[in-house]
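A.B. asks: From the sequence below, what's the structure:
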Amino acid sequence: MLHSRRLILAHFWLAFAAFGVALVLGAWQMFVRGPLYWGGDVSAWYYRSVTAHGTSMAYALPTLVAMGFGYAISESALEQPLIGRRWAWLGWALVLIGAVVALVPVALGLASVLYTFYPPLIGNPFYYIGVVLVVVGSWIWVALMAVNLRAWRAAHPAAPVPLAMFANVAGAYLWAWTSVGAALELLFQIIPVALGWKSTIDAGLSRVLFSWTLHAIVYFWLMPAYIAYYTIVPRAIGGRLFSDTMGRLSFILFLVVAMPIGVHHLFEDPQVGSGFKFLHSVFTALVTVPTLLTVFTICASVEIAGRLRGGKGVLGWLKVLPWDNPVMLGVALSFIMLGFGGAGGLINMSYQLNSSIHNTQWVTGHFHLIFAGAIVIMYFVIAYDTWPHLTGRALDSFGLMRAQLWTWFVGMIVLTFPWHYVGILGMPRRMAFYDYTDPVIAEQAASVTMSVIGGAILVVSGALFLIVLARGQMAPRAEAGTYRFSIAAHQPRTVPAALNGFGLWLGLMMALTIVNYGFPIAYLLATQGNSVPAVMVGGRQ
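C.D. replies: The predicted model follows:
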């Protein structure tokens, strides 16, 4: 039984409200920078919108989903009421307050600095203070997950930690360490300048500190999706998880190798030496290992479900899978987008190939396929799967759910594939205006128009998603039973200590981060004359 239903629902509804607003802003941005736009110059509004869209999607949505789903996992997997519920509500309140505090100056045109902060551009201090409040609220969740796991282990000293909780806490620890880089950048570099205490900033050091957070945050975003792969999908389609051990290894590998890889975003930055760029490129390649483990394990788990449903032959099990089940459909579409997005990521991690697509629309296409595509579609699946247990009401709009998932998939493909193409042609990202009468870029107009259509399809899909949840909130009451996670085909009675705890892996995670970031950061701190004048946004002096 979920004792903290209201708490979890509060996180989900706030997350999806931010998602809805950000989705509309994103579609508007594509329209005004495309050849179909007929109005005047809206450049200032465009950059406000980009900042609001990125901040909502990158910080608010995934943080709230991870927190809300994390509390549900804690109570369901550990079968104990959440310890520290009042603290959890405080964390939710800090995220809400922080989001409002951050987005008000953005709306006023005082913080058009994108969600990456973009120094030496400096926005209104309240934008950064709001982001800090969101992070602090999430740190409360991290602490509560550790406390609840510790309490459970004290009562079950010899038992394996349930896989869902093991993965949940791995994600919490990853986020705690990942967020340190951006926190250092904000607290010691950006906020002092925003408050007027300094007039210059070391933009190179800021970018290195943010790179600490920049790519590892993607793996924090994907943790709820991967937890759903392992612990929701097999159960929902009538099968079993192929291997509990493979799941633990995957989450451990994400914890260890996802952190020290962010400098591959700085291949074109002269502040970091080529040796460290190579090191980060190698670790970026290692991230494919837990992804491939996951793809194999989940495909094997799905095959188990097909065999249990009577599937015969080499591929006969595919035909009998419950394709009308939104969970089955969601994971299939997620894997397709994960494959396309991951293939594009191989280009980004290569120093030579990255130089041809750096800072182009290719990067935007890759990013959206992974996060907005493969990950967010699993956020939908998580909501659909948990909603009856959270509301105590039936969620039976299955046709609408399938339509929503299909339109999200189609919209994302129509959106991102043209972005990849125009990126290869050299179209830069994050620009408010393009003159499509210029013969140099005229051939890109049709591709950009396709992306605008894809964005419109996504808005329709997002509206369908919110309609499904709202209908579920108002449906007749129905007992959904106890919320359960998938059971492994061979459920372990005991688990090696290394696969049942985090001490070794946290030490390795921090050690690798220090090795990969220690020298570049120390060198930049020790080097004089790197600071440049800050450029204040919004006409401030």
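
A.B. asks: Look up the closest residue to the most centrally placed residue in the chain, ignoring the ones flanking it.
C.D. replies: The centre of the chain sits closest to residue 221, judged by Cα atoms, centre = their mean, with a distance of 2.5 Å. Distance criterion Cβ to Cβ, 6 or more residues apart in numbering; nearest residue to residue 221, sequence neighbours excluded, is residue 62 at 4.2 Å. From N, CA and C alone the C-beta is placed, and that goes for glycine too.

A.B. asks: Check what pLDDT that neighbour gets.
C.D. replies: Here the pLDDT value assigned to residue 62 is 97.

A.B. asks: Is it located within a strand, as I assumed?
C.D. replies: No. Residue 62: not assigned to a strand; according to DSSP: H, G, I helix; E, B strand; the rest coil it is helix.

A.B. asks: So what's the residue count around it?
C.D. replies: As a burial measure, residue 62 scores 26 neighbours (other Cβ atoms under 10 Å).

A.B. asks: Okay, strands next: where are they in this protein?
C.D. replies: Here the chain has its strands, by DSSP state E, at 121-122, 200-201, 532-533, 535-536.

A.B. asks: of all these, which lies closest to residue 413?
C.D. replies: strand 121-122 (33.1 Å; Cβ to Cβ).

A.B. asks: Can you list the strands that that closest one pairs with?
C.D. replies: strand 535-536 (parallel) (DSSP bridges).

A.B. asks: for the record, mean pLDDT for the partner strand?
C.D. replies: So the average pLDDT for strand 535-536 ends up being 94.

A.B. asks: What of stretch 517-527?
C.D. replies: pLDDT averaged over stretch 517-527 gives 93.

A.B. asks: And for stretch 70-83?
C.D. replies: Averaged over stretch 70-83, pLDDT sits at 96.

A.B. asks: Restricting to C-alpha, output it in PDB.
C.D. replies: The C-alpha trace of stretch 70-83 is given here as PDB (Å, rounded to 0.1, in the frame of the first residue of the first chain):
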ATOM      1  CA  GLY A  70      11.400   7.500  -5.700                       C
ATOM      2  CA  TYR A  71       9.000   7.900  -2.800                       C
ATOM      3  CA  ALA A  72       6.600   5.300  -4.500                       C
ATOM      4  CA  ILE A  73       9.500   2.900  -4.900                       C
ATOM      5  CA  SER A  74      10.600   3.300  -1.300                       C
ATOM      6  CA  GLU A  75       7.200   2.500   0.100                       C
ATOM      7  CA  SER A  76       6.300  -0.300  -2.400                       C
ATOM      8  CA  ALA A  77       9.700  -2.100  -2.700                       C
ATOM      9  CA  LEU A  78      10.600  -1.800   1.000                       C
ATOM     10  CA  GLU A  79       7.000  -2.400   2.200                       C
ATOM     11  CA  GLN A  80       7.300   0.200   4.900                       C
ATOM     12  CA  PRO A  81       5.900   3.800   5.300                       C
ATOM     13  CA  LEU A  82       8.100   6.600   4.100                       C
ATOM     14  CA  ILE A  83      10.300   7.900   6.900                       C
END
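
A.B. asks: could you list every residue that touches residue 341?
C.D. replies: 366, 369, 370, 373, 374 (Cβ atoms under 8 Å, 6 or more residues apart in numbering).

A.B. asks: now it, nearest residue through space, not along the chain?
C.D. replies: Residue 341 sits nearest to residue 369 (Cβ to Cβ, 6+ apart), 3.5 Å away.

A.B. asks: again with residue 63
C.D. replies: Residue 63 sits nearest to residue 138 (Cβ to Cβ, 6+ apart), 5.0 Å away.

A.B. asks: What of residue 417?
C.D. replies: Spatial nearest neighbour of residue 417, chain neighbours left out: residue 365 (7.2 Å); criterion: Cβ to Cβ, 6+ apart.

A.B. asks: was I right about the one you found contacting residue 419?
C.D. replies: Yes. Using Cβ atoms under 8 Å, residue 365 is in contact with residue 419, at 3.3 Å.

A.B. asks: Could you report the neighbour count for the residue nearest to residue 152 when sequence neighbours are not counted?
C.D. replies: Leaving aside its sequence neighbours, residue 152 sits nearest to residue 78 (Cβ to Cβ, 6+ apart; 4.5 Å). If you count neighbours by other Cβ under 10 Å, residue 78 ends up with 22.

A.B. asks: Residue 78 contacts residue 148, doesn't it?
C.D. replies: Yes. In this structure residue 78 lies within contact range of residue 148 using Cβ under 8 Å: 6.5 Å.

A.B. asks: How far away from the center of its chain is stretch 499-516?
C.D. replies: The chain centroid and the centroid of stretch 499-516 are separated by 22 Å, computed with Cα atoms, centre = their mean, to the nearest Å.

A.B. asks: Tell me the buried residues in it?
C.D. replies: 499, 500, 501, 502, 505, 506, 509, 512, 513, 516 (16 or more other Cβ atoms under 10 Å).

A.B. asks: So which of the residues you listed is the closest to residue 325?
C.D. replies: When the buried residues of stretch 499-516 are compared against residue 325 (criterion: Cβ to Cβ), the nearest one is residue 499, at 30.6 Å.

A.B. asks: Just the pLDDT for the closest one.
C.D. replies: For residue 499, pLDDT reads 95.

A.B. asks: quick one, what contacts it?
C.D. replies: Applying Cβ under 8 Å, 6+ apart, the residues near residue 499 are 245, 248, 249, 252.

A.B. asks: quick one: which of these has the most company?
C.D. replies: residue 248 (23 neighbours).

A.B. asks: got the contact list for that residue?
C.D. replies: 163, 166, 495, 499, 500.

A.B. asks: Among the residues you listed, which one lies nearest to residue 7?
C.D. replies: Minimum distance to residue 7 across the contacts of residue 248 is 21.9 Å, recorded for residue 166 (Cβ to Cβ).

A.B. asks: Help me confirm that that closest one comes into contact with residue 249.
C.D. replies: No. With contacts counted by Cβ under 8 Å, residue 166 stays clear of residue 249, the gap being 10.9 Å.

A.B. asks: Can you check the pLDDT for residue 158?
C.D. replies: pLDDT at residue 158 comes out at 87.

A.B. asks: Begin at 35 from now on, thanks
C.D. replies: OK, 35 is where the count begins now, so the last one is residue 192.

A.B. asks: Excluding chain neighbours, what is closest to it?
C.D. replies: residue 528 (7.6 Å).

A.B. asks: Residue 522 versus that neighbour, what's the distance?
C.D. replies: Per Cβ to Cβ, to the nearest Å, residue 528 is found 13 Å from residue 522.

A.B. asks: same check, this time on residue 123
C.D. replies: Taking Cβ to Cβ, one finds residue 123 at 34 Å from residue 522.

A.B. asks: Quick one: neighbours of residue 310, just the number.
C.D. replies: 20.

A.B. asks: Run through the residues that contact residue 521.
C.D. replies: 268, 269, 274, 275.

A.B. asks: pretty sure residue 323 is touching residue 287, no?
C.D. replies: Yes. Between residue 323 and residue 287 there is a contact at 5.9 Å, judged by Cβ under 8 Å.

A.B. asks: Between the two, which is the more surrounded one?
C.D. replies: Between residue 323 and residue 287, counting by other Cβ under 10 Å, residue 287 is the more crowded of the two (19 against 14).

A.B. asks: Pull the contacting residues for the nearest residue to the more buried one once chain neighbours are set aside.
C.D. replies: In space, and not counting its chain neighbours, residue 287 is closest to residue 324: 3.9 Å by Cβ to Cβ, 6+ apart. Applying Cβ under 8 Å, 6+ apart to residue 324 gives the contacts 283, 284, 285, 287, 288, 291.

A.B. asks: Go ahead and confirm the third one touches residue 202.
C.D. replies: No. Residue 285 is beyond contact range of residue 202, at 9.1 Å (criterion: Cβ under 8 Å).

A.B. asks: Kindly point out which residues are neighbours of both of the two.
C.D. replies: With contacts taken as Cβ under 8 Å, 6+ apart, residue 285 and residue 202 have residue 257 as neighbours in common.

A.B. asks: still on that earlier bit, which one of the contacts of residue 521 is nearest residue 498?
C.D. replies: residue 269 (25.0 Å).
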